[in-house]
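Student: My questions concern the predicted model and sequence given below.
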Amino acid sequence: MSDLFAFSKKYYLRYKIRLCIGFFLIIISNILTLIPIPYIGKSINSIKSLFIDSLNTTDSFNIKKDIFIYTSIILIGPVIGGIVKYHMRKCIISTSRMIEFDIKNEIFSHYQKLSLSFYKENSTGDLMNRLTEDVSFIRQYIGPGVMYFINLIILFIMVSIQMLRIEKTLTFYVIIPIPILFILIYYISILIAKKSKEIQNYQSFICSFIQETFSGIHIIKSFVAESFFQEKYKRIIKDYQKKNIELAKIETILSSIIIFFIGISHLMILFFGGKKYYFGEIKIGTIAEFFTYINVLIFPFIILGWVVSIVERAKVSLIRISEFLNEKPNIYNNNLIQTKIVGNIEFKNVSFFYDKKNLDFDENNCTINKISFSLKSGKTLILTGNTGSGKTTIGKLISRLYDPIYGNIFIDDMDLKNHNLFSFRKNIGYVPQESFLFSDSIYNNIALGCINSVSHYEVYSAAKIAMIENDILNFRYGYQTIIGERGITLSGGQKQRICIARAIIRKPKIIIFDDSFSAIDQKTRKAIIFYIKKKLKNTTIIIITHDTSYINDFDLFIMLKKGRIYKIKEKIIHNNF
């Protein structure tokens, strides 16, 4: 609970005025709830006097007048209290929604800062679940959970004071079961926490499964595997259902225990209150008051079971969210001053491997091992080799998506780590192996990252160089055509050319094509490279490819084998490899 409060503290302080108003309204609403109760006892005593005791006309008239006043207070009090409760809930719960908005933005912002290695180790479904479901549980704790808990505490204190004021001995008997109830709630809450953790982890697994299934739906359909995935989904959901039923049983037991102890309090009032009434120690109206006070506590105590469940789920959610919020990015910006990029690249004994858990150097496990080469600004590098030879890794290292484990990478005679990270990346054009497009317009996909700083002409020009303009103009809505998720409505070649246009429009000082022409015919490949060289004369070009047959003009040729440089040649005009 303390961890939850510590996490929530900064958000509470951010909205302290709204929350203070909300908690003040809790006190007012409880006062308005309790004000009519003494008049219930007075009304019952007055009605008893009116119909049982012998009274003269004047006394009868006064009693009827009192009954009318008491009844009016009993009716008007809850109406005003209801209005206050509405504003109380509106104030606190709407504030919890604002806090939820802030937490989601904070987590999303943190996600974007984390390195690629983090995303290799964690599934998209799990990331999404923590950002949605887990934040939702924390929001329920911050808003309704805290509101109902504070409401119960304030109401319980007020009711106890009122009952003590009326009859101390009877109050003692009524309150006796409450400490036992709190002890039971504590132990049951441990079980709820355990089951909640299992459910929330399983929920992440389900999200990952669904996300992966729909991402690969074309593969599933192609291999007629729908029934296999349907059966697998049924098994997963059945297990999830079982875990939820187990949690629901525990929550039901908790609610039943709460109702049982409230029933015991009722019996205490009935037995000891009836005994006192029999001996003339209290009036019948006092017993009615005690019953009403306990009845006022019924809903807050019943909702306490829900609050306990929410608190335990929120504690689990906080642990899950904190795991990611405590993750530190591997790539840091070590220079706040923007650095000018010309495009000279130099690798000095660079080694890298993806398994960061084991930092012991082992040449056999390195993705790339002791790579050294230099490339001047405006020159072209062809990087080739077998699958798994480390070509893509070199491209990611140049883009500083990763830092080398050993050795150094120099850009313009300055260690890449010392360049301003964001300034450097703005000068990099990277076209990855997988042509990832966002579910947005073609225009916005091309202008990604620089929408507000480029003109329409520049977007059209980039599309023309990438030789995708004719395809775009043939679409019904042209550049405003909305691409399906991951560009599912486009062919492989169209997606690659849009990604190439996206890299070109930045006018980068270094541009990297990581097997980015595989779905494009050879004639179009040659034309695109020709136009890029013509348009970006001073740009350093790195082409990572298996097929070098369409390239006949480059300055440096490197062939990799098992992470090492197998062959290197400079200024080859006609490639015979």
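Tutor: Looks like it arrived, so ask away.
Student: quick one: Ile371 and Ile512, what's the gap?
Tutor: Distance, Ile371 to Ile512, using CB to CB, to the nearest Å: 15 Å. To be clear about C-beta, it is placed using only N, CA and C from the backbone, and glycine gets the same treatment.
Student: tell me the SS of the spatially most central residue of the chain?
Tutor: Centroid-nearest residue in the chain, with CA atoms, centre = their mean: Leu131, separated by 1.0 Å. The local conformation at Leu131, judged by DSSP: H, G, I helix; E, B strand; the rest coil, is helix.
Student: What ranges does the stretch 301-450 of the chain have for its strands?
Tutor: 345-352, 368-375, 380-385, 406-411, 414-415, 428-431 (DSSP state E, counting those that start in this stretch).
Student: okay, the ones you listed in a markdown table with distance to Ile83 next?
Tutor: What follows is the strands of the stretch 301-450 of the chain, written out as a markdown table (distance: least, CB to CB, whole Å):
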| stretch | distance to Ile83 |
| --- | --- |
| strand 345-352 | 66 |
| strand 368-375 | 70 |
| strand 380-385 | 72 |
| strand 406-411 | 66 |
| strand 414-415 | 66 |
| strand 428-431 | 59 |
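Student: Which one of the ones you listed lies nearest to Ile138?
Tutor: Evaluated over these, closeness to Ile138 peaks at strand 428-431, with 36.1 Å, by CB to CB.
Student: in its sheet, what does that closest one sit against?
Tutor: Paired neighbours of strand 428-431 in the sheet (DSSP bridges): strand 510-514 (parallel).
Student: what angle do the partner strand and strand 380-385 make?
Tutor: If you take axes from the mean of the first three to the mean of the last three CA atoms, to 10 degrees, strand 510-514 sits at 30 degrees to strand 380-385.
Student: Can I get strand 510-514 in PDB, CA atoms only?
Tutor: C-alpha atoms of strand 510-514 as PDB (Å, rounded to 0.1, in the frame of the first residue of the first chain):
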ATOM      1  CA  ILE A 510      24.300   9.000 -44.400                       C
ATOM      2  CA  ILE A 511      21.700   6.700 -46.000                       C
ATOM      3  CA  ILE A 512      21.500   3.000 -45.300                       C
ATOM      4  CA  PHE A 513      19.600   0.500 -47.500                       C
ATOM      5  CA  ASP A 514      19.300  -2.800 -45.600                       C
END
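Student: Beyond the lengthiest helix in the chain, next helix or strand please.
Tutor: Counting by DSSP state H, the longest helix found in the chain is helix 57-113. Per DSSP states H and E, the first helix or strand lying C-terminal to helix 57-113 is helix 116-121.
Student: thinking again about what came up before, quick one: average confidence on the longest helix of the chain?
Tutor: Model confidence over helix 57-113, given as mean pLDDT, is 85.
Student: ok so, going back, can I get the strands of the stretch 301-450 of the chain in a markdown table including mean neighbour count, mean pLDDT and distance to Lys328?
Tutor: A markdown table is the format used below for the strands of the stretch 301-450 of the chain (neighbours: other CB atoms under 10 Å; pLDDT from 0 to 100; distance: least, CB to CB, whole Å):
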| stretch | mean neighbour count | mean pLDDT | distance to Lys328 |
| --- | --- | --- | --- |
| strand 345-352 | 19 | 92 | 19 |
| strand 368-375 | 19 | 90 | 24 |
| strand 380-385 | 22 | 90 | 31 |
| strand 406-411 | 18 | 92 | 21 |
| strand 414-415 | 14 | 92 | 21 |
| strand 428-431 | 23 | 90 | 23 |
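Student: which stretch among these comes nearest Leu181?
Tutor: Nearest to Leu181 among these is strand 345-352 (59.9 Å), distances taken as CB to CB.
Student: Check which helices and strands the closest one sits against.
Tutor: If you count contacts as 3 or more CB pairs under 8 Å, 6 or more residues apart in numbering; DSSP states H and E, strand 345-352 packs onto strand 368-375, helix 391-398, strand 406-411.
Student: repeat that for 6 Å
Tutor: strand 368-375, strand 406-411 (3 or more CB pairs under 6 Å, 6 or more residues apart in numbering; DSSP states H and E).
Student: And the contacts of the longest one?
Tutor: Strand 368-375 has contacts (CB atoms under 6 Å, 6 or more residues apart in numbering) with 345-352, 363, 381, 390, 393, 556, 563-564.
Student: strands paired with it, and their directions?
Tutor: Counting by DSSP bridges, strand 368-375 is paired with strand 345-352 (antiparallel).
Student: Identify whichever of the strands of the stretch 301-450 of the chain lies nearest to Ser136.
Tutor: strand 428-431 (35.5 Å).
Student: contacting residues around the closest one?
Tutor: 399, 499-500, 503, 506, 508, 510-513, 516.
Student: returning to what we had before: which of the helices and strands packed on strand 345-352 sits closest to Lys168?
Tutor: Taking CB to CB, strand 406-411 is the member of those nearest to Lys168, at 78.3 Å.
Student: what distance separates that closest one from the centre of its chain?
Tutor: Centre-to-centre, strand 406-411 and its host chain are 36 Å apart (CA atoms, centre = their mean, to the nearest Å).
Student: Which neighbouring elements make contact with that strand?
Tutor: strand 345-352.
Student: how big is the angle separating the strand it packs on from strand 406-411?
Tutor: Using the same axes, to 10 degrees: strand 345-352 against strand 406-411 is 160 degrees.
Student: what bridges to Ile558?
Tutor: Ile558 forms beta bridges with Leu383, Ile568, as assigned by DSSP bridges.
Student: For the strand or helix carrying Ala501, list the C-alpha coordinates in CSV.
Tutor: Assigned by DSSP H and E, Ala501 belongs to helix 492-504. Output of helix 492-504 as CSV, limited to C-alpha atoms (Å, rounded to 0.1, in the frame of the first residue of the first chain):
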residue,chain,number,x,y,z
GLY,A,492,6.0,-5.6,-51.2
GLY,A,493,7.7,-3.4,-53.9
GLN,A,494,5.4,-0.5,-53.2
LYS,A,495,6.1,-0.7,-49.5
GLN,A,496,9.8,-0.7,-50.0
ARG,A,497,9.7,2.3,-52.4
ILE,A,498,7.6,4.3,-49.9
CYS,A,499,10.2,3.5,-47.2
ILE,A,500,12.9,4.6,-49.6
ALA,A,501,11.1,7.9,-50.2
ARG,A,502,10.7,8.3,-46.4
ALA,A,503,14.5,8.1,-46.0
ILE,A,504,15.3,10.3,-49.0
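Student: and it, which residues are buried?
Tutor: In terms of neighbour count (16 or more other CB atoms under 10 Å), helix 492-504 has its buried residues at 493-504.
Student: again, but for stretch 326-337
Tutor: Residues of stretch 326-337 classed as buried: 327, 331, 333, 335 (neighbour count, 16+ other CB under 10 Å).
Student: Pull up the gap between the first one and Val454, please.
Tutor: In this structure, Glu327 lies at 33 Å from Val454, with CB to CB as the measure.
Student: which stretches of the stretch 251-400 of the chain form helices?
Tutor: Counting by DSSP state H, counting those that start in this stretch, the stretch 251-400 of the chain has these helices, from start to end: 274-278, 284-325, 391-398.
Student: send the alpha carbons of the shortest one over as PDB?
Tutor: In other words, helix 274-278. Taking Å, rounded to 0.1, in the frame of the first residue of the first chain, the C-alpha atoms of helix 274-278 are listed here in PDB:
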ATOM      1  CA  GLY A 274     -33.700  -5.300  23.300                       C
ATOM      2  CA  LYS A 275     -32.500  -6.300  26.800                       C
ATOM      3  CA  LYS A 276     -31.800  -2.600  27.700                       C
ATOM      4  CA  TYR A 277     -35.200  -1.600  26.300                       C
ATOM      5  CA  TYR A 278     -36.900  -4.300  28.300                       C
END
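Student: lowest-pLDDT helix or strand in the protein?
Tutor: Within the chain, confidence by mean pLDDT, DSSP states H and E is lowest for helix 217-222 among all helices and strands, at a mean of 75.
Student: could I get the helices and strands packed on strand 345-352 as TSV with distance to Phe5?
Tutor: Output for the helices and strands packed on strand 345-352, formatted as TSV (distance: least, CB to CB, whole Å):
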stretch	distance to Phe5
strand 368-375	48
strand 406-411	45
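Student: Between those strands, which one is closest to Phe229.
Tutor: Smallest distance to Phe229 across the helices and strands packed on strand 345-352 (CB to CB): 37.2 Å, for strand 368-375.
Student: If anything else comes up later, I'll come back, but that's it for now.
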